[in-house]
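Enquirer: Kindly generate the corresponding structure for this input.
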Amino acid sequence: MNNSVKLTAVGLGIGILSGFLGVGGGVFIIPLLVTYFAVAHHQAVGISLAVVIPTAIVSGVIYGLHGNIDLVVAFNLAIASAIGSWYGARLAKKISEDRLQLMFGVMLVLVGLRMVVS
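Expert: From the prediction side, this is the model:
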């Protein structure tokens, strides 16, 4: 199976999981790209951020139609997140691949543990 078919299958699966669980695609996309497709971590982050846009729009519309979005909360988070992401992207350029990958892995473990414990 060529990479295009594999990436399409991964994208479909990630779309389903993102829409169902509300988890950003980065939680799934980055580890898969780095581990199975040998994509550099910085590039995997960039790809993940580009993929999240259409996924979030489609899922957001459906959740909105079901009345599951507080627009005030969403607006405040969107503005603050956009500002924070500008700083985060600039900071990521200064961090080595290994360090960035380690930080991402630690964050996944901590968030996962917090969800299991609570």
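Enquirer: Give the other helices and strands that the helix of greatest length in the chain contacts.
Expert: Secondary structure of the chain per DSSP state H: the longest helix is helix 41-65. With contacts defined as 3 or more Cβ pairs under 8 Å, 6 or more residues apart in numbering; DSSP states H and E, the packing partners of helix 41-65 are helix 3-21, helix 26-36, helix 71-92, helix 97-117. In this view, the C-beta of every residue, glycine as well, is placed from N, C-alpha and C.
Enquirer: Buried residues, that helix. List them.
Expert: Along helix 41-65, the positions that meet the burial threshold by neighbour count (16 or more other Cβ atoms under 10 Å) are 41, 42, 44, 45, 47, 48, 49, 51, 52, 55, 56.
Enquirer: now, which of those residues sits nearest residue 71?
Expert: Checking these against residue 71 with Cβ to Cβ, the nearest one is residue 56 at 14.7 Å.
Enquirer: Check what pLDDT the closest one gets.
Expert: What the model reports for residue 56 is a pLDDT of 85.
Enquirer: again, but for residue 26
Expert: Looking at residue 26, its pLDDT is 81.
Enquirer: got a list of what the residue nearest the centre of the chain touches?
Expert: Centroid-nearest residue in the chain, with Cα atoms, centre = their mean: residue 26, separated by 2.3 Å. Contacts were defined as Cβ atoms under 8 Å, 6 or more residues apart in numbering; by that measure residue 26 touches 45, 48, 49, 52.
Enquirer: hmm, 6 Å instead?
Expert: Taking Cβ atoms under 6 Å, 6 or more residues apart in numbering as the contact definition, residue 26 lies against residue 48.
Enquirer: What is the burial count for residue 114?
Expert: When neighbours are counted by other Cβ atoms under 10 Å, residue 114 registers 9.
Enquirer: which ones are touching it?
Expert: Remark: with contacts taken as Cβ under 6 Å, 6+ apart, residue 114 is in contact with nothing.
Enquirer: I'd like to know how far it sits from residue 82.
Expert: Taking Cβ to Cβ, to the nearest Å as the criterion, residue 114 is separated from residue 82 by 25 Å.
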